[in-house]
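Participant: What shape does this take:
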Amino acid sequence: MVRTIAEFLATLVIYIAVGTAIALVSRRFGVKTSSEYFVAGYRLGGFLSSMTYAATTYSAFMMIGLVGFAYATGVGALGFELAYLLATLALLTVLAPRVWLMARERGWVSPTEMLSDLYGTNALGHLVAVLYLVALIPYISAQMIGVGSIFEGLGAGFGTGIAVAAALSLTWVVVAGVWSVASTDAYQGLWMITAALTYVLWVTLFLVPSAGLDIGRVAEAITKAGVSGLGGFWTPTTFTAFTVPWLFFAVTNPQVVQRVFMPANERSLKRLIQYFAIYAIIYTLIVTLVGLTARALTEVGVLGYISNRDLVTPTLLLAAHPALASFIYVSIVAAAISTSNSIVLSVTSSFVRDLYERRAREVRPRRSITLANSVVASLVATSAVVAFLRPGFVVEMSVLSSVILLPLAPVTIAGWVSEGVRGVARYSSLVAVVVGVSTALYSAAAYGPKKAFITTWFGVPISVWVLALSTLIVVAGLLLSRVKPHVGR
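Facilitator: Numbers count the residues shown, from 1 in each chain. Have a look, this model is predicted:
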């Protein structure tokens with residue numbers, strides 16, 4: 001254990017040093033306005049665009065959360081994640097070109113600014129900015145919990161991991177805004193996928209054979225455990241409850257919506273979608289395979305049952321060579337940091353653009369960037385405190401954020417398709433957000449973050465209720481907006 005900790009700290013220092021150097025070099029691209037700070041002045045190439053999208057999307061949720069989720073619940077976890085991926089690719093293919101073009105024509109920087117413009121009301125942008133705070137602090141905290149779990153598994157202290165995650169998030173955002181985030185995302189994304197490939201090869205070619213098993217016995221053990229398909233935990237209702245919020249992740253989470261604004265041209269946008277698809281399918285298959293293999297090792301008695309599923313990866317890596325384990329541990333840190341950086345930057349953009357620049361008589365770029373750095377520091381500090389309290393598992397905290405943001409799906413899609421909404425629809429969008437979010441928050445408070453996902457009302461999961469209520473209100477507003485009032489003589 002002592003050797004593993006030493007190797008981990010050495011690898012971590014190398015990772016931090018290289019990442020910080022990349023962030024500092026990225027300053028040469030220039031950050032003089034809020035547009036350059038938050039969306040790189042719409043100048044990202046295809047590779048950087050795709051890597052920042054992938055690294056932002058795939059977080060500690062994967063190597064910590066999804067490994068443990070597959071271990072505890074079985075193959076249904078793969079279906080859950082693949083449903084997200086297919087929905088995301090469909091939404092990007094159909095809607096991203098339209099959104100990318102509108103962002104350029106209208107000068108969008110923040111997702112809330114986009115909604116305010118589409119609906120012709122600043123009230124919607126202000127409401128959503130507050131919503132981001134409520135919904136995404138748990139998601140940022142989930143990334144920090146992922147890092148803390150690694151340190152905890154190594155005996156280095158959960159709180160130490162939280163502190164490291166917070167310090168890196170703050171530093172790499174402040175250095176050069178999205179330029180440092182995107183460039184370090186590319187670095188971290190490559191580290192993540194390389195480590196994941198190494199991880200699965202080690203598990204299947206070394207760990208499994210060393211236990212006297214082969215792929216056939218692994219599959220047999222998974223089947224006997226009752227986790228080889230839907231059933232058990234993954235009833236149709238539970239699968240629907242967990243999957244629905246994830247289907248619309250690409251349109252409800254500001255950190256990924258904002259990345260559609262950034263590609264330099266249409267070719268770069270196409271590369272974003274293509275490279276992300278390749279990256280995503282490889283990463284998803286690797287992560288779930290590792291979780292299922294770990295469960296097979298438990299079933300045949302090689303591993304004891306791991307009750308805290310966030311510790312499945314740390315437990316497996318205790319059997320690895322310290323250098324290999326350290327490389328994989330640091331990849332999880334990279335995944336968490338890349339995601340938390342992007343979320344913090346997107347949430348901050350909403351406050352700077354909607355609450356300062358759209359209201360100020362004279363916008364001073366230096367003041368905007370100073371304000372941005374202050375908001376970043378506040379968000380990181382708050383998220384670190386929540387993470388230290390550890391209110392739930394990584395998966396539940398991540399999905400909870402998506403449930404709270406789910407009412408934004410119909411509001412955002414309707415705005416994109418219509419390219420501008422007026423009349424009654426302005427107010428229905430506000431009502432849809434309030435009703436949907438209130439329903440999600442009530443369920444989380446009444447049942448707890450974990451049970452809220454599997455609780456049903458009249459046999460229907462709460463996440464479906466949230467989506468259905470907000471969609472009905474948005475559609476009603478759109479229909480009423482198209483009805484011309486009758487004017488008598």
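Participant: only C-alpha atoms for contact and neighbour calcs from this point on.
Facilitator: OK.
Participant: This protein: strands as residue ranges?
Facilitator: Per DSSP state E, the chain carries strands over the ranges 456-457, 460-461.
Participant: now those strands as CSV including mean neighbour count and mean pLDDT?
Facilitator: Formatted as CSV, the strands of the chain follow (neighbours: other Cα atoms under 10 Å; pLDDT from 0 to 100):
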stretch, mean neighbour count, mean pLDDT
strand 456-457, 14, 90
strand 460-461, 18, 92
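Participant: would you turn the ones you listed into TSV with distance to residue 189?
Facilitator: Formatted as TSV, the strands of the chain follow (distance: least, Cα to Cα, whole Å):
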stretch	distance to residue 189
strand 456-457	37
strand 460-461	34
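Participant: quick one: which of those strands is nearest residue 203?
Facilitator: strand 460-461 (36.1 Å; Cα to Cα).
Participant: before we move on, back to that, nearest to residue 164, of the strands of the chain?
Facilitator: Closest to residue 164 of these, according to Cα to Cα: strand 460-461, at 37.3 Å.
Participant: Which strands or helices does the closest one pack on?
Facilitator: Applying 3 or more Cα pairs under 8 Å, 6 or more residues apart in numbering; DSSP states H and E, we find strand 460-461 packed against helix 236-247.
Participant: who's in contact with the helix it packs on?
Facilitator: 76, 80-81, 83-85, 87-88, 230, 399, 402-403, 406, 453-454, 459-464 (Cα atoms under 8 Å, 6 or more residues apart in numbering).
Participant: buried subset of those?
Facilitator: 76, 80-81, 84-85, 87-88, 230, 399, 402-403, 406, 453-454, 461-464 (16 or more other Cα atoms under 10 Å).
Participant: Show me how far the helix ranked longest in the chain is from its chain's centre.
Facilitator: The longest helix of the chain (DSSP state H) is helix 266-299. Centroid separation between helix 266-299 and its chain, computed with Cα atoms, centre = their mean, to the nearest Å, is 14 Å.
Participant: Output the below-cut-off pLDDT ranges for the stretch 101-250 of the chain.
Facilitator: 230-231 (pLDDT under 70).
Participant: ok, now the stretch 301-450 of the chain?
Facilitator: 392-399, 419, 449-450.
Participant: Recalculate using a threshold of 80.
Facilitator: Residue ranges of the stretch 301-450 of the chain with pLDDT under 80: 310, 355, 357-363, 365, 390-400, 402, 419-423, 448-450.
Participant: Which parts of it are helices?
Facilitator: Along the stretch 301-450 of the chain, counting by DSSP state H, counting those that start in this stretch, helices occupy 312-316, 322-352, 365-389, 394-405, 408-418, 424-454.
Participant: before we move on, what about the stretch 101-250 of the chain?
Facilitator: Using DSSP H, counting those that start in this stretch, helices in the stretch 101-250 of the chain cover 111-119, 122-153, 158-174, 178-202, 208-210, 215-224, 236-247, 249-252.
Participant: Now tabulate those in TSV and tack on distance to residue 432 and mean neighbour count.
Facilitator: Listed next are the helices of the stretch 101-250 of the chain as TSV, based on distance: least, Cα to Cα, whole Å; neighbours: other Cα atoms under 10 Å:
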stretch	distance to residue 432	mean neighbour count
helix 111-119	13	25
helix 122-153	11	24
helix 158-174	33	22
helix 178-202	31	23
helix 208-210	51	14
helix 215-224	43	16
helix 236-247	16	21
helix 249-252	14	26
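Participant: Nearest approach to residue 311 belongs to which of these?
Facilitator: Of all the helices of the stretch 101-250 of the chain, helix 122-153 comes closest under Cα to Cα, at 6.8 Å.
Participant: Format the helices of the stretch 301-450 of the chain as TSV; extra columns: distance to residue 156.
Facilitator: Below are the helices of the stretch 301-450 of the chain laid out as TSV (distance: least, Cα to Cα, whole Å):
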stretch	distance to residue 156
helix 312-316	12
helix 322-352	13
helix 365-389	14
helix 394-405	19
helix 408-418	40
helix 424-454	28
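Participant: closest to residue 159 out of those helices?
Facilitator: That would be helix 365-389 among the helices of the stretch 301-450 of the chain, by Cα to Cα, at 6.4 Å.
Participant: How about that closest one, which residues are buried there?
Facilitator: Those would be 365, 368-369, 371-373, 375-377, 379-381, 383-388, for helix 365-389 by 16+ other Cα under 10 Å.
Participant: Run through the neighbouring helices and strands of that helix.
Facilitator: helix 34-39, helix 122-153, helix 158-174, helix 322-352.
Participant: okay if I get these as CSV plus distance to residue 273?
Facilitator: Shown next, in CSV, are these (distance: least, Cα to Cα, whole Å):
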stretch, distance to residue 273
helix 34-39, 18
helix 122-153, 24
helix 158-174, 24
helix 322-352, 18
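Participant: what does stretch 215-226 contact?
Facilitator: Residues outside stretch 215-226 that contact it (Cα under 8 Å, 6+ apart) are 74, 204, 228, 232, 292, 293, 295, 296, 297, 299, 300.
Participant: For the residue most central in space within the chain, give me its contacts.
Facilitator: Centroid-nearest residue in the chain: residue 57, 4.6 Å away (criterion: Cα atoms, centre = their mean). When contacts are counted by Cα under 8 Å, 6+ apart, residue 57 touches 256, 339.
Participant: Please apply the same query to residue 183.
Facilitator: 22, 23, 26, 48, 52.
Participant: thinking again about what came up before, closest one to residue 96 among the helices of the stretch 101-250 of the chain?
Facilitator: Here helix 249-252 is closest among the helices of the stretch 101-250 of the chain (Cα to Cα), at 9.8 Å.
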